[in-house]
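Q: model the following, please.
(one chain, ligands or ions: 1)
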Amino acid sequence: MSVVLTTISGPVATVTVNRPEALNAINGAVLDGLEAAFAEVEANPVVRAAVLTGAGGKAFVAGADIKEMQAFGAEDARAFSARGHSVFARMESSRLVWIAAVEGFCLGGGCELAMAADWINASAKSRFGQPEVNLGLIPGFGGTIRLARRVGQAKAIELCVTAEMVRGDEAKALGLVNNLYEPGTVLEASQAQAQLIAGKGPLAVANAKRVIRSGADLPQERGNALEQQAFGIQFGTVDGKEGMVAFSAKRSAEFVGK
Ligand code: DAK
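A: Sure thing, here's the model as predicted:
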């Protein structure tokens with residue numbers, strides 16, 4: 001059985017890290033599987049939104065695979081880190097919205113993987129943390145940067161140096177989690193949310209995500225310029241016209257992604 005599974009249901013893709021016996025810990029094979037799955041989903045013209053999750057219900061992902069990493073020297077670790085960065089970044093640069101559906105433990109490299117998605121859905125019982133210092137390590141898949149951007153520098157330092165876990169409801173209060181659902185229903189609720197997004201204009205969804213992500217590090221004026229350009233582009237699309245015509249005709253829009 002593959003360590004990463006991809007299922008397509010209508011316009012919604014679900015990618016599942018599938019090593020439940022190791023709480024879905026990320027090893028080299030998982031990175032290979034994620035890279036292939038991200039490429040496959042991105043290239044599928046039918047897919048309009050995507051969910052990332054972990055198998056088994058006990059964990060989204062409990063971290064990078066500690067047993068595999070034990071054999072690493074400094075150069076192996078640097079290469080593993082660089083590979084993780086490049087694979088995870090595929091969700092950020094994707095035309096699709098990626099939702100991380102988190103049940104149970106979401107730790108270390110798992111929390112880093114979830115943060116590379118566009119947002120995180122969880123239950124109040126989910127457990128988030130960056131416990132690398134317990135192993136004498138630090139986050140190596142972008143966690144230091146992404147966590148600080150999500151929760152602020154001071155809280156990110158606190159979480160990374162204490163290794164304390166926070167529950168899903170606490171993570172929501174920190175801004176790490178967008179939406180809470182009942183335990184056992186997070187995947188289904190995330191897929192329903194993806195289905196909702198799939199009904200929107202796909203170019204508009206991709207463009208909104210691109211501008212927000214690219215604009216995050218820009219001064220306001222340059223961000224405004226980026227937005228103006230993207231706003232104009234939408235008016236040159238078939239979908240942009242269709243959406244406004246459908247509104248005026250009091251019917252549902254039929255978007256074609258052009
Ligand atoms: N790696 C490998 N195996 C893991 C694992 C992990 N991260 N987490 C759990 N497992 C395995 C356990 O070893 C166990 O396997 P068996 O003993 O049955 O063979 C199985 O999953 C079930 O786990 P437990 O028996 O421990 O289950 P419990 O319910 O008792 O405990 C737990 C659940 C999540 C509290 C516990 O498993 C735990 O503390 N796991 C480790 C959590 C952790 O420390 N995560 C952070 C890992 S470090 C870098 C790149 C990346 C990173 C760092 C540097 N560079 C390249 C520089 C990232 C580092 C990390 O993510």
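Q: hmm, stretch 93-112 in reach of the ligand?
A: Yes. Counting by C-beta under 6 Å from any ligand atom, the ligand is contacted by stretch 93-112 at 105, 107-109. Yep, even glycine has a C-beta here, placed from its N, CA and C like the rest.
Q: centre of the chain to that stretch, how far?
A: The chain centroid and the centroid of stretch 93-112 are separated by 4 Å, computed with C-alpha atoms, centre = their mean, to the nearest Å.
Q: pull out the buried residues from that stretch.
A: 94, 96-112 (16 or more other C-beta atoms under 10 Å).
Q: quick one on the thing from earlier: which one of the residues of stretch 93-112 next to the ligand is nearest to Val87?
A: Closest approach to Val87 among these (C-beta to C-beta): Gly109, at 11.1 Å.
Q: up against the ligand, what does the protein have?
A: With C-beta under 6 Å from any ligand atom as the criterion, the chain comes near the ligand at residues 22-23, 25, 62-67, 77, 80-81, 84, 105, 107-109, 131-132, 134-135, 137, 139-141.
Q: tell me the buried residues within these.
A: Using 16+ other C-beta under 10 Å as the threshold, 22-23, 25, 62-66, 80-81, 84, 105, 107-109, 131-132, 137, 139-141 are the buried ones among the residues of the chain next to the ligand.
Q: so which of those residues are in strands?
A: 105, 107 (DSSP state E).
Q: give me the average confidence score over the host helix or strand of Ala230.
A: Using DSSP states H and E, Ala230 maps to helix 220-235. Mean pLDDT, computed over helix 220-235, is 95.
Q: what's the spacing between the following helix or strand past it and its chain's center?
A: Using DSSP H and E, the helix or strand that directly follows helix 220-235 along the chain is helix 238-248. Helix 238-248 sits 30 Å away from the centroid of its parent chain (C-alpha atoms, centre = their mean).
Q: what does stretch 192-206 give?
A: For stretch 192-206, the separation from the chain centroid amounts to 15 Å (computed by C-alpha atoms, centre = their mean).
Q: which residues does it contact?
A: 10-12, 48-51, 95-97, 99, 121, 179, 234, 237, 239-240, 242-243, 253, 255, 257-258 (C-beta atoms under 8 Å, 6 or more residues apart in numbering).
Q: among those, the buried ones, what's the PyMOL command?
A: PyMOL command restricting these to the buried ones, with burial defined by 16+ other C-beta under 10 Å:
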select buried, resi 11+12+48+49+50+51+96+97+99+121+179+234+237+239+240+242+243+253+255
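Q: just the ones of the contacts of stretch 192-206 in helices?
A: Taking DSSP state H as the definition of helices, the contacts of stretch 192-206 contribute 234, 239-240, 242-243.
Q: tell me the two of the residues you listed that are most distant?
A: Farthest-apart pair in those is Gln234 and Glu242; separation 11.3 Å (C-beta to C-beta).
Q: ok, Ile157 to Arg48 distance?
A: 38 Å (C-beta to C-beta, to the nearest Å).
Q: repeat for Ile233
A: For Ile233, the distance to Arg48 - C-beta to C-beta - is 18 Å.
Q: hey, where'd the strands end up in the chain?
A: 4-9, 12-17, 49-54, 59-61, 98-102, 105-107, 119-122, 127-129, 166-167, 179-180.
Q: closest one to Asn224 among those strands?
A: So among the strands of the chain, strand 119-122 is nearest, using C-beta to C-beta, at 23.9 Å.
Q: could you give me the average pLDDT of the closest one?
A: Averaging the model's pLDDT scores along strand 119-122 yields 98.
Q: strand partners (parallel or antiparallel) of it?
A: strand 98-102 (parallel), strand 179-180 (parallel) (DSSP bridges).
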